[in-house]
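Visitor: I would like to see how this sequence folds:
(chains A and B)
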Amino acid sequence: MMDLFLTVFSAAFFVTIIRTTTPLLLATLGGLVADLSGALNVALEGQMLIAALTAVIVSVYAPWYVAVVAGLGAGALLGLIMAFFALRLKADIILVGFAINILAAGGTVFALALATGGDKGTSINLPSQAIPMLDLSFLGGIPGVGPTLAALLSGHSVLSWVAAFLVFAIWYFLYRTPWGLWLRGVGEYPAAPEAAGIPVNKIRTWSLIVSGALAGLGGAQLAMFNYVGFTRDMTAGRGFIALGAVLLGARHPVGALLAALLFGAFEGLAVVMPGLFREIPAELIRMIPFIVTILALVLFSYRAQQLLKMRSGQ
Amino acid sequence: MSSAPIVKPQRWAAFRRELFRNVGALLVAMAVTTVIVFLTSKAPLEALTQLLTAPAAKVRTIGLWVDDIAKLTITGLAFSLVFQARQFSMGVQGQVYIGAIASTYVVLSPLGQTPFGLALGVLAAMAAGAFYGFLPGFAKARLGANEIVSSLMLNYIAIELCNFLVRTALPLPQAGVLTTIDFPESAVFPALVDKTRIDLGLIFAIVAVLVVWFALYRTAWGLKLRLVGHNARFAEYAGIRSTFIMVSAMTASGALGGLLGAMFVQGQTWGKLTVQFEGGLAFEGILVAIVARSRPLAVPIVAIFYAYLRQGASLMNVRTDVPAEVIGVVTAIIILLVSSTFSLNFLTRWFKRGPAPVATAPAVAEGATK
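Guide: This next block holds a predicted model:
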């Protein structure tokens, strides 16, 4: 138990949490943008998976930032496909989302087998690259807090910093710009913005594209930093956990950050626990993020319902 | 989903329209697959021949095909039930694993040696699956917890639980393998046709189709369920407790999921519990249910076609250089086209209008999500 305590409160574990949180946070932000515009994006999982593979394959031939942009682009393209089928061809958006997930589960293995010449499990024989860490060890020079700051802030992926910035940027966009107001209005009550001449479907289309792009960034982080290389089904439910995190975060960017941090922390715990407790079976440790997601979802829904009752009681 | 028996000619027209749409979707999907195969394979014609003819070529492969039909029918029915109630519970996969675990525990206990072992195993699986389907339904009805997220999380938990139990708790033939000992002969579904995988599961699938059809279209519960699916608010005003209907639909669907679990582990396919035994089949019920428009009687027909494609793809995978996973592309395209307002007319109109479609389509006031 003492070991666990020491690990959890170490700077290295903080760095682990940030690492496990980043893909989740990016996907959660993606889910948030789509959800607020009234288009539930259940394809986050598939978008991350396809983006992860795209990023890995592109990184074999191009610099890492091109690969990241390719992952982002793959996610955005999938978002556009969703928008086309859900908004223009009036398909149910949840079914469209699951079609994307099925496409991703099969399509990535298919493409992986082609890219590696037959290997359906991993991209281990592809020389793919990683996203560089941002080295902030110069902070150690600050007297007093310097070494701590350096230990906490150094060694994160560039995309972790991007994700943190995006929380702020998306908050600013949603609550401080007219387009953000439009987007929220479209999600809240589409008839009103439509009557006011705001193009409802155009806004939903763009939010689905942005949503896919953010999930794509998450996928790139997953396959180019958390793990270097692609393995089949490597997202392992992260896109669905992100969907839960959107709800848990009360559909607000800061809430999304906190929810993603919560799930990221438990995932981080699942990463370090096998080394500490050999007697706890690996399968049970791998269950932790999913159990936590269900519990959080149930507790949050319960609280939200109580609040609603209190309000309507007055 | 105008399912009430109205006038016959209208029904036929609707049937023909559906048929054309589905065949059109299948053709588009197969065309895309053909292009992919030609771009990636060294022997594209050989691969396509395998995909399209291999399942019907031998008795053994026909057995595989029929076995898949039975299983796809059950998962298609499970998804149809929840889709008819407009619930998006995605938990069939988890129910399959939980059902299989329950069935394994019963069958490997002394009970499994008795003549009732087979039936008890199936019942235990159905009960466990029903419970697992009930959980997200209850969480949604009572607390408003999103059923998509909770049912998906339960899937992952069930898979890990199965891995865990097989590795640590259940009797294994030797250390290190990830399959349990064989089930007692009396608890394994008898084969209907010798030396094939066609077994009792096929009978279960036929019975399940009839039972689900009867429940949905000939009982008050089914009428209420369909009303809730059409318009939950209207159903509430009509005095139907939509939360009860919701939970019971998910529970019944869970029982079907559990039954599928028993069909896997007690069937001729395995006759034992192993990790990852389901091979992603459970989720393909989504496609079956969507193409069948969630109609129980249409589900087996769709399953026949889809099972053929599935087996064709896996045989192609073994015999040529095209991976079976290409079928994921077919599945996705079919779901996208069938669940949308796609029709071949639409395509021709679209091309006539020129390559630059107007970006701002007339917005829908209703919105795409409800």
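Visitor: and B:Arg167, what's its pLDDT?
Guide: At B:Arg167, the model reports a pLDDT of 86.
Visitor: give me the spatial nearest neighbour of it, chain neighbours excluded.
Guide: B:Leu178 (6.5 Å; Cβ to Cβ, 6 or more residues apart in numbering or on different chains). (C-beta placed from N, C-alpha, C; glycine too.)
Visitor: count the neighbours of A:Phe5 for me.
Guide: 9 (other Cβ atoms under 10 Å in any protein chain shown).
Visitor: please read the previous query as pertaining to B:Thr180.
Guide: 22.
Visitor: who's in contact with A:Arg19?
Guide: A:156-157, A:160, A:225-226, A:268 (Cβ atoms under 8 Å, 6 or more residues apart in numbering or on different chains).
Visitor: spit out the contact partners of B:Ile206.
Guide: B:Pro300.
Visitor: mind checking how far it is from B:Arg86?
Guide: 27 Å (Cβ to Cβ, to the nearest Å).
Visitor: go on, A:Ala104?
Guide: 25 Å.
Visitor: can you name the residue of chain A nearest chain B?
Guide: Across chain A, the shortest distance to chain B (Cβ to the nearest Cβ) belongs to A:Gly106, at 1.6 Å.
Visitor: tell me how many other residues surround that residue.
Guide: 22.
Visitor: distance check, it against B:Glu325.
Guide: From A:Gly106 to B:Glu325 the distance is 4 Å (Cβ to Cβ).
Visitor: tell me where the chain has helices.
Guide: Defaulting to chain A. Remark: helices assigned in chain A by DSSP state H are A:2-8, A:11-36, A:44-61, A:64-83, A:93-116, A:146-153, A:158-176, A:178-188, A:191-195, A:200-221, A:238-248, A:253-276, A:282-313.
Visitor: hm, I was asking about chain B
Guide: Using DSSP H, helices in chain B cover B:8-40, B:44-53, B:59-84, B:92-108, B:117-143, B:147-168, B:200-217, B:220-230, B:232-237, B:242-265, B:285-291, B:299-319, B:326-339, B:344-352.
Visitor: tell me the most buried of those helices?
Guide: The highest mean neighbour count among the helices of chain B, using mean count of other Cβ atoms under 10 Å in any protein chain shown, belongs to helix B:92-108: a mean of 29.
Visitor: turn the helices of chain A into CSV, including mean pLDDT.
Guide: Shown next, in CSV, are these (pLDDT from 0 to 100):
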stretch, mean pLDDT
helix A:2-8, 69
helix A:11-36, 89
helix A:44-61, 92
helix A:64-83, 92
helix A:93-116, 88
helix A:146-153, 76
helix A:158-176, 90
helix A:178-188, 86
helix A:191-195, 83
helix A:200-221, 92
helix A:238-248, 89
helix A:253-276, 86
helix A:282-313, 85
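Visitor: TSV for those, including distance to B:Val96?
Guide: Shown next, in TSV, are the helices of chain A (distance: least, Cβ to Cβ, whole Å):
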stretch	distance to B:Val96
helix A:2-8	35
helix A:11-36	27
helix A:44-61	19
helix A:64-83	28
helix A:93-116	16
helix A:146-153	44
helix A:158-176	36
helix A:178-188	35
helix A:191-195	42
helix A:200-221	28
helix A:238-248	18
helix A:253-276	24
helix A:282-313	17
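Visitor: list the contacts for A:Ala115?
Guide: Contacts of A:Ala115 by Cβ under 8 Å, 6+ apart are A:57, A:123, A:126.
Visitor: and chain B, which of those reach it?
Guide: Among these, not one lies near chain B by Cβ under 8 Å from any Cβ of the partner chain.
Visitor: which one is A:Ile100 nearest to, not counting chain neighbours?
Guide: A:Ala43 (3.7 Å).
Visitor: can you report how many residues lie near that neighbour?
Guide: Neighbours of A:Ala43 (other Cβ under 10 Å): 35.
Visitor: could you do the one 10 residues further on as well?
Guide: A:Leu53 has 26 neighbours, counted by other Cβ under 10 Å.
Visitor: that one against A:Leu112, yeah?
Guide: Yes - the criterion here is Cβ atoms under 8 Å, and A:Leu53 meets it with A:Leu112 at 6.3 Å.
Visitor: ok so, going back, my guess is the residue nearest to A:Ile100 meets A:Ile102, correct?
Guide: No - with contact defined as Cβ under 8 Å, A:Ala43 does not reach A:Ile102; the gap is 9.9 Å.
Visitor: A:Ala104 and B:Arg86 - which one has more neighbours?
Guide: The neighbour comparison of A:Ala104 against B:Arg86 (other Cβ under 10 Å) goes to A:Ala104, with 27 against 20.
Visitor: any regions of the stretch 251-370 of chain B where pLDDT drops low?
Guide: B:342-370 (pLDDT under 70).
Visitor: one step back: mutual contacts of A:Leu53 and A:Leu112, please.
Guide: In contact with both A:Leu53 and A:Leu112: A:123, A:230, using Cβ under 8 Å, 6+ apart.
Visitor: name the nearest residue to A:Met224, sequence neighbours excluded.
Guide: Closest to A:Met224 by Cβ to Cβ, 6+ apart is A:Ile131, at 4.7 Å.
Visitor: got a list of what the nearest residue to B:Thr61 once chain neighbours are set aside touches?
Guide: Excluding the flanking residues, the one nearest B:Thr61 by Cβ to Cβ, 6+ apart is B:Pro55, at 5.1 Å. By Cβ under 8 Å, 6+ apart, the residues touching B:Pro55 are B:61-62, B:64-65, B:307-308, B:311-312, B:315.
Visitor: closest to B:Leu260 among those?
Guide: B:Ala307 (13.8 Å; Cβ to Cβ).
Visitor: was I right about the closest one contacting B:Leu72?
Guide: Yes - with contact defined as Cβ under 8 Å, B:Ala307 and B:Leu72 form a contacting pair (5.3 Å).
Visitor: wait, isn't B:Ala262 in contact with B:Met126?
Guide: Yes - contact criterion Cβ under 8 Å: B:Ala262 and B:Met126 qualify, at 7.3 Å.
Visitor: hey, what's in contact with both of those two?
Guide: In contact with both B:Ala262 and B:Met126: B:Gly99, using Cβ under 8 Å, 6+ apart.
Visitor: returning to that earlier point: can you tell me how far the residue nearest to B:Arg167 sits from B:Phe283?
Guide: Distance from B:Leu178 to B:Phe283, by Cβ to Cβ: 22 Å.
Visitor: of the two, which one has the most company?
Guide: Regarding B:Leu178 and B:Phe283, a neighbour count based on other Cβ under 10 Å identifies B:Phe283 as having more, with 19 against 13.
Visitor: which residue is the nearest non-sequential neighbour of the more buried one?
Guide: That would be B:Gln93: by Cβ to Cβ, 6+ apart, it lies 6.0 Å from B:Phe283.
Visitor: would you agree that neighbour is in contact with B:Gln276?
Guide: No - in this structure B:Gln93 lies outside contact range of B:Gln276 using Cβ under 8 Å: 11.0 Å.
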